[in-house]
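A.B. asks: task: produce atomic coordinates for the following.
(one chain, ligands or ions: 1)
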Amino acid sequence: MRFITVNSYEELSRKAANIIASQVISKPNCVLGLATGSSPVGTYKKLIEYCNNGDLDFSTVTSVNLDEYVGLTGENDQSYRYFMNTNLFNHVNIIPENTYVPNGCAENLEEEGKNYDKLIADLGGIDLQLLGIGLDGHIGFNEPDEFFVGATHPVTLDPSTIEANARFFVSMDEVPRKAITMGMMSIMQAKKILLIANGSNKKEILEKAMYGEITPKVPASILQLHPDVTVIFSEN
Ligand code: GLP
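C.D. replies: Okay, the predicted model is just below:
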């Protein structure tokens with residue numbers, strides 16, 4: 001595992017974007033696993049800049065996102081599909097049909113999970129998976145549990161996650177209680193993993209995840225078993 005500490009969010013975003021850019025340049029038809037949250041926003045801004053400068057071409061890239069809230073359509077401005085469209089997809093030359101986000105409005109979420117895993121497998125797996133980390137150690141929406149879940153699956157969000165996500169909603173009541181998330185199998189099968197975290201409040205959980213016991217109670221700790229993980233952390 002490579003652990004890179006940087007001094008600012010700007011530097012974190014630039015480094016992360018450069019790693020993603022190098023993936024896209026070296027394999028133009030790659031599959032990118034993408035993430036939401038506040039951490040990747042700066043990274044996506046840089047990628048948009050590179051694309052607009054003509055330095056990066058997304059026209060043959062496919063993307064698969066980690067997760068989605070249950071019950072929110074893509075038109076809802078709190079959905080992760082909307083987040084991805086507005087923070088990245090609408091501003092680069094990726095083909096919209098080649099961008100995938102789990103469907104949180106699927107009637108049968110278990111079935112949706114199975115289809116999503118099949119889709120990822122049919123694409124040949126993920127070349128580079130971008131991750132953030134929740135304050136409770138979650139990746140995607142894989143919350144602390146008694147066991148790791150492999151498949152894409154529906155989850156009930158932890159109270160601490162609901163609280164953390166409330167900052168994006170008008171009121172606590174509006175924060176969805178359920179989500180659908182890629183499981184550990186597709187994440188761990190990604191060829192490369194890039195985890196970004198910023199803010200001093202992430203330091204403790206990050207250290208626990210990277211150097212502590214490997215346990216489903218700290219979901220990100222499973223990454224210690226992955227052969228190619230880069231972590232970029234900025235305390236500021
Ligand atoms: C949400 C997302 C995660 C993300 C986490 C951290 O829970 N499902 O994928 O990593 O938020 O978000 P932030 O980057 O805003 O701290």
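
A.B. asks: in the sheet, which strands lie alongside the helix or strand that contains residue 63, parallel or antiparallel?
C.D. replies: Counting by DSSP states H and E, the element that carries residue 63 is strand 62-65. With DSSP bridges as the test, strand 62-65 is paired with strand 31-34 (parallel), strand 99-100 (parallel).

A.B. asks: quick check: mean pLDDT across the next helix-or-strand element following it?
C.D. replies: Later in the chain than strand 62-65, the nearest helix or strand by DSSP H and E is strand 67-69. For strand 67-69, mean pLDDT is 98.

A.B. asks: partners of strand 67-69, with directions?
C.D. replies: Its sheet considered, strand 67-69 pairs with strand 178-181 (antiparallel) by DSSP bridges.

A.B. asks: run through who's touching the strand it pairs with.
C.D. replies: 66-71, 102-104, 106, 109, 112-113, 116, 140-142, 152-157 (Cβ atoms under 8 Å, 6 or more residues apart in numbering). For every residue, glycine as well, the C-beta is placed using N, CA and C.

A.B. asks: apply 10 Å and report the result again.
C.D. replies: Applying Cβ atoms under 10 Å, 6 or more residues apart in numbering, the contact partners of strand 178-181 are 65-72, 80, 101-106, 109-110, 112-113, 116, 138-143, 149, 151-157, 161, 165, 187.

A.B. asks: on that earlier part again, minimum distance to the ligand: which of the strands paired with strand 62-65 has it?
C.D. replies: strand 31-34 (9.6 Å; Cβ to the nearest ligand atom).

A.B. asks: which elements pack onto the next helix or strand after the closest one?
C.D. replies: Using DSSP H and E, the helix or strand that follows strand 31-34 towards the C-terminus is helix 41-52. Where contact means 3 or more Cβ pairs under 10 Å, 6 or more residues apart in numbering; DSSP states H and E, helix 41-52 is packed against helix 9-26, strand 31-34, helix 80-87, strand 192-198.

A.B. asks: if anything else comes up later, I'll come back, but that's it for now.
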